Structure formats: structure tokens, C-alpha cells
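Novice: got a sequence here, can you model it:
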Amino acid sequence: MAADASASLNAAAARAVVQGLCAGGVRAAVLSPGARSTPLAWALADAAEAGALALHVVLDERAAAFAALGLARATGAPVALGCTSGSAGAHWLPAVIEASEAPTPLVLLTTNRPVELHGVGAPQTLDQRRLFGAFARHARDLPAPDAHTPASVWHGAALDAAQQAQRTPAGPVHLDLAFREPLWAPGPATPWAAGPSSPLALAAAGHQGAPTLAPAARAALLASLRGAQRGLIHCGPHAADGPGFGATVHALGAALGWPVIAEFGSGARLGAPAGVVTTHDALARAPELAERLRPDLVLRLGRAPHSRAVQGWLRATAPTLIGIDPAGQRQAGDLPMQAVIAAAPTALLTALVADLAAAPGGETPPAWRAAWTALDAQARRALDGAASDGVAWGGAAAYAVAQATPAGASILGASSLAFRDLDNFTPPQAPAQRAFVSRGANGIDGTLSTAVGVALGTAAPVTVLIGDLAFTHDLAGLHLLGSTQAPVTLVVVDNGGGGIFEHLPLVQAPAARFERLCLTPQALDVAGVCAGLGVPCAAVEAGALADAVASAARRGGPQVLHLRVDRAVDRVQRAAAWAAVRAEVQA
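Specialist: Below is the predicted model:
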């Protein structure tokens with residue numbers, strides 16, 4: 001085959017791939033530089049210049065993958081992720097796992113050498129077909145382009161991949177694309193064309209989740225809900241399947257007369273109406289409330305409760321648990337679940353609200369919801385007081401972030417203590433529009449890169465609450481933040497290590513071993529690292545944090561706010577907060 005023919009075939013196949021992605025609903029791509037991916041990179045750039053998609057170039061593959069994850073979470077649409085051959089794609093694995101566990105649509109495009117270079121010691125060549133194992137919903141390798149294979153093969157494979165990434169449950173889909181050298185040859189640019197598409201293909205690509213139940217099955221579910229005397233709705237992380245989820249779940253709670261527990265990151269917390277329960281973790285820590293708040297039926301949406309106290313309370317009270325999950329998966333941890341309904345949550349809840357409106361009567365007596373609402377208000381007063389006394393600790397940082405992040409912006413909570421503090425100390429009236437968490441695999445990695453992706457996807461400011469270890473874990477994301485100048489404010493709660501371990505039984509281990517193997521304090525010059533990567537950094541006191549967060553959002557661009565916290569003080573403040581809740585509700 002002539003050299004120029006190989007380059008031409010590569011270009012045609014790569015263009016067909018990108019056309020198929022666009023036909024399948026992909027509107028953004030994240031690419032890391034490399035040689036073997038040149039045909040794909042050129043095709044993506046052509047599409048971006050024509051306005052068919054947005055292209056983001058990120059040097060580090062690990063940061064690129066988490067940025068794509070954030071973009072997909074923010075937009076709800078599949079995002080393409082491209083890289084060169086060899087170990088490059090392996091750096092995606094943590095983000096791929098998170099996308100698989102907390103269903104997020106990604107199309108993974110690794111590039112590779114042709115078949116004749118495999119198994120012969122060729123450099124940067126490995127079997128990439130099974131690179132992501134069970135965490136890819138589907139994987140397919142495409143051979144190097146030749147004169148006998150029509151472009152429709154590459155177009156169809158990419159269209160299928162984009163559609164499969166959005167099916168129930170959504171998740172990552174992998175295509176491994178082989179290209180022969182020469183990868184590219186100079187010549188006149190070919191004008192971008194959208195390629196074959198149809199309204200039916202776009203409709204199929206946009207399908208998210210299973211449909212609602214048939215009328216007879218829905219009637220049986222409604223009868224079970226109406227039969228409960230003390231019903232409760234619990235929304236865990238990643239419960240929302242669309243922008244209307246929060247309003248719909250609260251409408252169902254009001255129609256049934258049930259309280260709604262909305263965890264941070266559930267999609268039902270920020271902007272919630274009066275009556276949403278936000279102090280569930282604190283209330284569950286008070287044993288004397290267990291009987292007063294004992295439900296007989298709990299409708300569960302989203303992933304399992306993050307709070308050990310809530311899990312223990314549900315285990316002790318043993319209500320009937322009914323789950324609604326798009327893929328019909330049991331999302332309750334080790335709690336026994338009596339039934340799981342495979343349905344799109346928003347669609348099903350909307351239908352239930354309509355059914356209740358059409359045939360009112362039989363709802364739970366209002367005293368049940370009123371009791372929850374009253375106790376939640378009392379607990380909220382205690383938590384707000386504990387978090388606003390000017391002392392530097394995790395709860396105070398979360399409270400300041402929640403109060404000061406402006407309307408229209410988003411809050412992202414890192415895993416570990418940051419997410420838990422936002423869940424406990426974010427009041428219902430917090431002005432931020434959206435909450436983001438990575439509670440699929442619950443890892444602390446990639447948080448900064450994810451935040452950049454969220455900022456790019458929402459085109460709005462993002463405030464991130466993050467611990468010092470999670471911050472250190474994603475310095476490539478800090479570099480990405482500096483290079484993109486995205487409007488992201490990082491509030492780094494620096495407690496000198498993994499403070500969450502002090503709240504686990506591990507704290508009873510010998511001090512030296514606990515310090516070295518669990519807390520793992522880092523000698524990181526936060527301000528110096530930020531300066532080197534072009535991100536402004538300021539040390540702040542607890543009392544000035546809210547003003548600093550608000551000012552950073554108004555200025556735009558990146559900003560790091562560094563809050564030092566004494567772990568011993570933090571432990572005392574947390575114990576005092578839980579004690580204040582118990583005292584308040586007992587009084």
C-alpha cells in the first residue's frame with residue numbers, strides 16, 4: 001500500500017468515527033496528545049472547528065479522564081475521550097471505574113498499532129482490548145483501515161458506542177482504533193461534513209433509563225405506598241436521572257405526606273422546598289429518637305446511604321425497603337430490600353404524583369411528616385450554631401461553602417470528610433444550583449480534574465470542598481485548572497492528613513503506625529505548588545471563609561483558599577455538634 005494511501009485511509013476512518021460519535025449525541029471530547037492518535041486528533045479538531053463538538057486538550061491522561069467524567073456529569077450527554085497507544089489509556093482506569101459505578105456515559109477511544117506489530121516486541125504496543133475489563137459496558141477493537149473496508153464500519157461502530165454508553169445503566173464503552181503509518185500526510189484540508197444521521201438515531205442515543213411501569217404494576221406500587229402509616233423517601237447519592245428529579249420527588253413526598261431525606265449529591269437537596277430533611281445523620285446518632293422516627297416503609301432512590309448512623313438506624317428499625325433504580329439494581333448496601341423496581345425514577349414518580357392527584361385519599365396522617373419536619377428544624381438550628389462560631393473545623397468550612405457559593409453555581413464535594421460535612425452542614429436554603437459528588441467507587445482521586453470538567457460543562461462557577469490528601473492526590477488536576485483558568489474555587493481543608501480515619505476503629509491502633517499508615521500527613525507547600533502552576537492561593541481563617549468564597553466566585557477564574565484545621569479541635573467540634581443536636585431535640 002502506498003504511504004499516502006495509508007494516511008488517506010486513516011483520515012477517512014477517523015472522520016467516520018467522529019461523525020458516528022456526533023450522530024450518537026456526543027457534543028464534547030477530551031484528548032491527550034500523542035503520535036498514534038494523530039488521525040483521531042485531526043478529525044476531532046475538524047469537527048470542533050466546524051462547531052460539531054467542543055474539543056478540550058489535556059496533557060495528563062488521568063486528569064483528562066476525570067475532566068471528561070465531570071463534563072458528562074454536568075451535561076448528561078456522552079463525552080468522548082481519546083489518547084495514544086501503550087500505557088496512556090491505563091491512566092484512565094480510576095475515572096472509568098467511577099463512571100461505571102455511578103453511571104456516567106463515556107466513549108473511550110484508545111488508538112493502537114496494527115495487528116502485524118503485536119506480539120513481536122514493537123514499542124508502545126499492547127493488547128488494549130481488555131484494558132478496562134468489567135468496567136466497560138462494551139469493548140470492540142477495529143482493525144487498521146484498508147482499501148476494502150467501507151467507512152460505514154467505523155461510523156457504525158462509533159454510533160453504536162455512543163448509544164450503548166447511554167443505555168441503562170449508562171457507563172463507559174471502549175473502542176480500540178488501529179492506525180498504520182504514515183499516520184498523516186500534508187495536503188489540503190477536507191471540509192467537515194456531518195455524515196449520515198437520522199432523527200431516529202438521535203432519539204435512540206438520547207434514551208436514558210427504563211420506562212415507567214405499566215398501569216397495573218403502578219397501581220400495585222401505589223397501593224403499597226398508601227398502605228404505609230409511617231412512610232419515608234430516602235434519596236442517596238446519584239439518585240437523580242434528569243433535571244426534574246428533585247421537584248418530582250418532593251412533590252411525591254408532599255402528596256403522600258411523607259418526609260424526604262435528601263443527601264448531598266442526590267439531586268434533590270439544593271433548591272429543595274420546605275420540609276426536606278437534611279439532618280438525617282445527626283438525628284440517627286441520637287438513639288432515643290429511633291422509635292419516634294421509626295418508618296414502616298422506605299422508598300429508596302440512588303446509591304446506598306453514605307452515613308453509618310443512618311444505615312444502623314434503618315437496620316435497627318427494619319422497615320420495608322422498596323427501591324427504584326433504572327437498571328433494577330439493589331442499591332442499599334447490606335440492608336435487606338424487599339423489592340426493586342426497574343424504572344426511570346423521574347418518569348415513575350411523575351406518574352405516581354398524577355395518580356395521587358386523580359384519586360386523593362388514604363395518605364399518611366400529617367402528624368408524621370410534621371414530626372420529622374419539626375425535629376429536622378431543631379437539629380438544623382443546632383448544627384448551624386455549631387458551624388458558625390468562628391472555629392476552624394470541617395463543619396464550619398462546609399457551612400461557609402454552602403452559604404457563600406452563589407446562585408447558578410455548583411458545589412463539588414470530595415470524598416472522605418468533605419462530602420460528609422456538606423451533607424451535614426448544607427442548609428436547605430443554600431443558593432447554589434447543583435451538587436456534584438463522586439460516590440460510585442468513593443475514591444478521592446481526580447477531584448480537581450472532575451471539577452474542571454463540571455465547570456466546562458455547566459459554564460458556571462464551581463466551589464470545591466476538599467481535604468489536603470485529596471488535593472495532593474490530583475496535582476495534575478491543579479495544573480489543568482491553571483491552564484484552563486476555569487472558574488473553580490478550591491477550599492482546601494488542611495487537617496494534616498486523613499482526618500476521617502480518626503472517626504474509625506483504626507484510631508485505636510498504635511499511634512506511630514496509625515500516623516504513618518492511615519493519616520499519612522504530607523509535607524506539601526500548598527501556596528508554593530499553586531504559584532508554580534499559575535493558580536492564585538490565599539490562606540484564610542474560618543470567620544473569613546464565606547466572604548472569600550463569594551469574592552472568588554465574583555472574580556471568576558481559579559482560586560485556592562487554604563484553611564488550616566487542627567484535628568484535635570475538629571474532633572471536639574464534631575462531638576459538640578452531635579451533642580447540641582441531642583440537647584436541642586430533647587428540649
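
Novice: now residue 86: how far from residue 61?
Specialist: Counting by C-beta to C-beta, to the nearest Å, the separation of residue 86 from residue 61 is 11 Å. Glycine gets a C-beta too; all of them are placed from N, C-alpha and C.

Novice: and those two? Which one has more around it.
Specialist: Using other C-beta atoms under 10 Å as the criterion, residue 86 and residue 61 rank with residue 61 on top: 26 against 18.

Novice: excluding covalently adjacent residues, which one is nearest to the more buried one?
Specialist: What sits nearest to residue 61 in space, not counting adjacent residues and going by C-beta to C-beta, 6 or more residues apart in numbering, is residue 91, at 3.8 Å.

Novice: over to residue 515?
Specialist: On the basis of C-beta to C-beta, 6+ apart, the spatially nearest residue to residue 515 that is not a chain neighbour turns out to be residue 521, at 7.2 Å.

Novice: let me see the contact set for that neighbour.
Specialist: 496-497, 515 (C-beta atoms under 8 Å, 6 or more residues apart in numbering).

Novice: then residue 9?
Specialist: The contact partners of residue 9, taken as C-beta under 8 Å, 6+ apart, are 145-147.

Novice: in a helix, it, correct?
Specialist: Yes. Applying DSSP: H, G, I helix; E, B strand; the rest coil, one finds residue 9 inside a helix.

Novice: gap between it and residue 550?
Specialist: Noted for residue 9: a distance of 55 Å to residue 550, by C-beta to C-beta.

Novice: least confident secondary structure element in the protein?
Specialist: Of all regular secondary-structure elements in the chain, judged by mean pLDDT, DSSP states H and E, the least confident is helix 199-205 with a mean of 51.

Novice: next SSE after that one?
Specialist: Scanning the chain past helix 199-205 towards its C-terminal end, the next helix or strand to appear is helix 215-227 (assignment: DSSP states H and E).

Novice: buried set for that following helix?
Specialist: Under the neighbour-count criterion of 16 or more other C-beta atoms under 10 Å, helix 215-227 has 218, 221-222, 224-226 buried.

Novice: wait, residue 427 sits on residue 278?
Specialist: Yes. With contacts defined as C-beta atoms under 8 Å, residue 427 counts as touching residue 278 at a distance of 6.9 Å.

Novice: which residues are in contact with both of these two?
Specialist: With contacts defined as C-beta under 8 Å, 6+ apart, the residues shared by residue 427 and residue 278 are residue 380.

Novice: what is the burial count for residue 157?
Specialist: Residue 157 - counted by other C-beta under 10 Å - has 19 other residues nearby.

Novice: return the residues in contact with it.
Specialist: By C-beta under 8 Å, 6+ apart, residue 157 lies in contact with 17, 20, 140, 142, 175.

Novice: with residue 54 instead?
Specialist: Under the criterion of C-beta under 8 Å, 6+ apart, the contact partners of residue 54 comprise 27-29, 48, 456.

Novice: hmm, try it at 7 Å
Specialist: Residues touching residue 54, when contacts are defined by C-beta atoms under 7 Å, 6 or more residues apart in numbering, comprise 27-28, 48.

Novice: distance of it relative to residue 574?
Specialist: 42 Å.

Novice: same thing with residue 446?
Specialist: The spacing between residue 446 and residue 574, counted by C-beta to C-beta, is 27 Å.

Novice: tell me which of those two has more neighbours.
Specialist: Neighbours were counted for residue 446 and for residue 574 using other C-beta under 10 Å; residue 446 has more, 26 against 20.

Novice: for the more buried one, give me the pLDDT.
Specialist: The predicted structure scores residue 446 at 96 on the pLDDT scale.

Novice: taking the contacts of residue 9, please make a ChimeraX selection of just the buried ones.
Specialist: A single ChimeraX command is used to select the members of these judged buried by 16+ other C-beta under 10 Å:
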select :145
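
Novice: just the closest of the contacts of residue 9 to residue 356, please.
Specialist: Of all those, the one with the least separation from residue 356 (C-beta to C-beta) is residue 145, at 57.3 Å.

Novice: check what pLDDT that closest one gets.
Specialist: So, for residue 145, pLDDT stands at 94.

Novice: residue contacts, it?
Specialist: Taking C-beta under 7 Å, 6+ apart as the test, what residue 145 contacts is 9-10, 12-13.

Novice: quick one: which two of the residues you listed are the most distant?
Specialist: Spanning the widest gap among those are 10 and 12, at 7.4 Å by C-beta to C-beta.

Novice: what about the two, which has more around it?
Specialist: Residue environment comparison for residue 10 versus residue 12 gives the larger neighbour count to residue 10, 27 against 17, counting by other C-beta under 10 Å.

Novice: looking at the contacts of residue 521, spot the one nearest residue 441.
Specialist: Checking the contacts of residue 521 against residue 441 by C-beta to C-beta gives residue 497 as the nearest, at 21.6 Å.

Novice: mind listing what residue 104 touches?
Specialist: Residue 104 makes contact with 69, 72-73, 170-171, according to C-beta under 7 Å, 6+ apart.

Novice: can you show me the helices along the stretch 201-350 of the chain?
Specialist: Per DSSP state H, counting those that start in this stretch, the stretch 201-350 of the chain carries helices over the ranges 215-227, 245-256, 280-284, 308-317, 345-358.

Novice: any idea which of those is most buried?
Specialist: Mean neighbour counts were compared across these using mean count of other C-beta atoms under 10 Å; the top stretch is helix 280-284, at a mean of 24.

Novice: ok, and what's touching that helix?
Specialist: With C-beta under 7 Å, 6+ apart as the contact definition, helix 280-284 has outside contacts at 261, 289, 293, 307, 309-310, 313, 375, 379, 383, 423-424, 578, 581.

Novice: what about residue 219, distance to residue 314?
Specialist: As for residue 219, its distance to residue 314 is 27 Å (criterion: C-beta to C-beta).

Novice: check residue 431 and give its pLDDT.
Specialist: In the prediction, the pLDDT value recorded for residue 431 is 92.

Novice: what's the distance between it and residue 551?
Specialist: When residue 431 is compared with residue 551 (using C-beta to C-beta), they lie 15 Å apart.

Novice: on that earlier part again, let me have the contacts of residue 104 in JSON lines, extended by neighbour count.
Specialist: Rendered in JSON lines, the data for the contacts of residue 104 read as follows (neighbours: other C-beta atoms under 10 Å):
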{"residue": "69", "neighbour count": "30"}
{"residue": "72", "neighbour count": "29"}
{"residue": "73", "neighbour count": "26"}
{"residue": "170", "neighbour count": "25"}
{"residue": "171", "neighbour count": "24"}
